[in-house]
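Undergrad: Got a predicted structure plus its sequence, pasted below:
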Amino acid sequence: MRMKFPASVFKAFVFAGGVAATALMPLQVAADNLSDAMIGAYKTSGLLEQNRALLRAADEDVAIALSRLRPLVQWTVSAANSYNEVNFNQTRNTLSTQLELTQLLFDGGASRLDRLAAQEIVLATRQALLSVEQTVLFQAVQAYVGVLQAQENVALRRNNLRLLQEELKAAQDRFEVGEVTRTDVALAESRVAAARANLTDAEGTLLTAKATYQQVVGQAPGGIAGQPALPRQRVSLDGAQVVALRNQPDLLSQQHVVKAREYQVASATAGLGPSVNLRANAGVSEDVQDGLGASNSSSIGITMTQDLYAGGRNAAVRRRAIANADAERGVLINTQRAVRQAVSEAYFNVETARASLVSSGERVRASKVAFDGIREEATLGARTTLDVLQAEQEYLDAQTEQVNARANQAIAAYQLLQAQGLLTAEHLGLAVEIYDPTLYYNLVKDAPAHRSKRGKDLDRVLKALGRN
């Protein structure tokens, strides 16, 4: 039997449940470039799934706040046995049922303000989800670059070992004809042994990098395609700061939290005043034993309640709300400064990495020329084995510096994107189904009843998500 989903439910399942289901299926295509790594991390991240669920919980708080503005209808059924010793040991059995309606008419706007506060918390939680998304994608960048850097270092160490083995053989050949001493051979042997150890360390680092990649992306790395394309950078630091103030999710989230706390202060202030409720009930009671028939009762009235003295509780609640709002404003100031500092640090890291890459490239070029020349001079007897070994080590150090500079440049470039709030799947144009946080909210914001059509739609969504 095939179940038909309403369009809204199907769409919510695709965006909310589809992501969770994808995380359970093995990816068929091995990641071989940075985009693949970020796509894998986006699809399989348990941290994203956790925070999406927390967002859905915040959505439900809006529905809960709204429900306080609606009538409450309660049905009561009771059965009682009473015994009266004075009245000839009389025993009575009664059965009664009652239907009661309660409707808030006035509370100074406290309930409405609570709903507005809940809506601000939803907006804050959405931004927090974007912040988590940025963290997940940046971890994917670090994992990819880490594997690439480790692979290049292994290749350098292997080439270094090959060159040193050639130098050892050349030193042994020259020793046999009396051109060098045993000391030269021993020096070459020492460098070969050190190169083997360094290669082993580099291979261990590569295995660690691959394990980190698998943990972050959800699968082992395939054939790494090479250096990732660097994102476009803002022309100036001021331009990058302006973008961050508009987009950085931690900052936007905290702004919504401050607004929510302000609504809560207003709600606590309104709560000091009276509240007015409409109450209506209708009931039926019947004496089961005597069969005297049923008695009906009904009533309707308006009740105003005002706390004249509550032990100081209400005033304390208001003062606490004010203190919480002040604390969140302090957090907002710190967040603004932290965002500015993060953008500045990332921006200058990009500039430093770019300059370091240029200088390391020059060093590689010069050290290779020097190594080739000294090696040729050694064959003519004008250079010692030690000269050749030192030149080869200088060349290796230059190449290693260049590899590290390329890795640092890539990390810094994407760190700058993250600092500006632009390291998201949507902004990067990743080939994934973008999670839409408004779909679930639109289903629950009007607080549908459990047995209503929309309530049943929500049940199907939760069942599709495996969360019912």
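TA: Alright, I've got the coordinates. Numbering: from 1, shown residues only.

Undergrad: buried set for stretch 93-107?
TA: Using 16 or more other C-beta atoms under 10 Å as the test for burial, stretch 93-107 gives 94, 96, 98, 104, 107. Quick note: C-beta positions are derived from backbone N, CA and C, even for glycine.

Undergrad: Pick out the most distant pair among these.
TA: Based on C-beta to C-beta, the longest span within those runs between 94 and 107 and measures 36.3 Å.

Undergrad: Looking at the buried residues of stretch 93-107, which gets the smallest pLDDT?
TA: Within those, the minimum per-residue pLDDT falls on residue 94 (84).

Undergrad: State whether that residue and residue 79 are indeed in contact, as I suppose.
TA: Yes. Counting by C-beta atoms under 8 Å, residue 94 does reach residue 79; the two are 7.3 Å apart.

Undergrad: What sits closest to residue 260 if chain neighbours are left out?
TA: residue 120 (3.7 Å; C-beta to C-beta, 6 or more residues apart in numbering).

Undergrad: quick one, what contacts that neighbour?
TA: 256-257, 259-260, 263 (C-beta atoms under 8 Å, 6 or more residues apart in numbering).

Undergrad: so of the residues you listed, which ones are in strands?
TA: Using DSSP state E, no member of these falls in strands.

Undergrad: Would you format the residues you listed as a markdown table with pLDDT and distance to residue 314 included?
TA: A markdown table is the format used below for these (pLDDT from 0 to 100; distance: C-beta to C-beta, whole Å):
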| residue | pLDDT | distance to residue 314 |
| --- | --- | --- |
| 256 | 97 | 27 |
| 257 | 97 | 24 |
| 259 | 97 | 23 |
| 260 | 97 | 20 |
| 263 | 97 | 17 |
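
Undergrad: per-residue confidence for the residue nearest to residue 260?
TA: Here, the pLDDT recorded for residue 120 equals 97.

Undergrad: Can I take it that it is in a helix?
TA: Yes. Under DSSP: H, G, I helix; E, B strand; the rest coil, residue 120 falls within a helix.

Undergrad: Please identify which helix or strand holds the nearest residue to residue 401 once chain neighbours are set aside.
TA: Closest residue to residue 401 apart from its sequence neighbours, by C-beta to C-beta, 6+ apart: residue 360 at 4.4 Å. Assigned by DSSP states H and E, residue 360 belongs to helix 313-379.

Undergrad: Can you list the helices and strands that that helix packs against?
TA: Here helix 313-379 touches helix 237-247, helix 249-270, helix 385-420, going by 3 or more C-beta pairs under 8 Å, 6 or more residues apart in numbering; DSSP states H and E.

Undergrad: Most neighbours among the contacts of residue 120, please name it.
TA: The most crowded member of the contacts of residue 120, judged by other C-beta atoms under 10 Å, is residue 257 (25 neighbours).

Undergrad: Identify the residues contacting that one.
TA: For residue 257, the contact set (C-beta under 8 Å, 6+ apart) comprises 120-121, 124, 328, 331-332.

Undergrad: hmm, which of the residues you listed are the buried ones?
TA: Buried among the contacts of residue 257 by 16+ other C-beta under 10 Å: 120-121, 124, 328, 332.

Undergrad: one step back: using JSON lines, lay out the helices and strands packed on helix 313-379 together with distance to residue 143.
TA: Formatted as JSON lines, those follow (distance: least, C-beta to C-beta, whole Å):
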{"stretch": "helix 237-247", "distance to residue 143": "24"}
{"stretch": "helix 249-270", "distance to residue 143": "22"}
{"stretch": "helix 385-420", "distance to residue 143": "11"}
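
Undergrad: Show me the one of the ones you listed that comes nearest residue 144.
TA: That would be helix 385-420 among those, by C-beta to C-beta, at 8.6 Å.

Undergrad: Show me which residues of that closest one are buried.
TA: 385, 388-396, 398-420.

Undergrad: Packing partners of it?
TA: helix 110-176, helix 182-217, helix 237-247, helix 313-379.

Undergrad: quick one: buried residues of whatever helix or strand comes next after that helix?
TA: Proceeding N to C from helix 385-420, the next assigned helix or strand is helix 425-428, under DSSP H and E. Neighbour counts using 16+ other C-beta under 10 Å place 425, 428 of helix 425-428 among the buried residues.

Undergrad: Return the distance of the helix or strand following helix 425-428 from the chain's centre.
TA: Remark: after helix 425-428, the chain's next helix or strand is helix 438-444, criterion DSSP H and E. Put simply, helix 438-444 sits 20 Å off its chain's centre (C-alpha atoms, centre = their mean, to the nearest Å).

Undergrad: Show me what helix 438-444 is packed against.
TA: With 3+ C-beta pairs under 8 Å, 6+ apart as the test, helix 438-444 has helix 7-12, helix 46-67, helix 453-465 packed against it.

Undergrad: could those helices go into TSV alongside mean neighbour count and mean pLDDT?
TA: Shown next, in TSV, are those (neighbours: other C-beta atoms under 10 Å; pLDDT from 0 to 100):
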stretch	mean neighbour count	mean pLDDT
helix 7-12	17	41
helix 46-67	17	94
helix 453-465	17	74
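
Undergrad: Looking at those helices, which is nearest to residue 284?
TA: When the helices and strands packed on helix 438-444 are compared by C-beta to C-beta, helix 46-67 sits nearest residue 284, at 28.0 Å.

Undergrad: Can you check what angle separates that closest one from helix 110-176?
TA: 170 degrees (axes from the mean of the first three to the mean of the last three C-alpha atoms, to 10 degrees).

Undergrad: So what angle separates the directions of helix 46-67 and helix 453-465?
TA: Angular relation of helix 46-67 and helix 453-465 on a 0 to 180 degree scale: 160 degrees, by the same axes, to 10 degrees.

Undergrad: Can you give me the buried ones in the very next helix or strand once past helix 46-67?
TA: The helix or strand immediately downstream of helix 46-67 is strand 72-84, counting by DSSP H and E. Counting neighbours by 16+ other C-beta under 10 Å, one finds that strand 72-84 has no buried residues.

Undergrad: Show residues contacting strand 72-84.
TA: 89-103.

Undergrad: Who are the packing partners of whichever strand in the chain runs longest?
TA: Assignment by DSSP E gives strand 90-106 as the longest strand of the chain. Using 3+ C-beta pairs under 8 Å, 6+ apart, the elements in contact with strand 90-106 are strand 72-84, strand 275-287.
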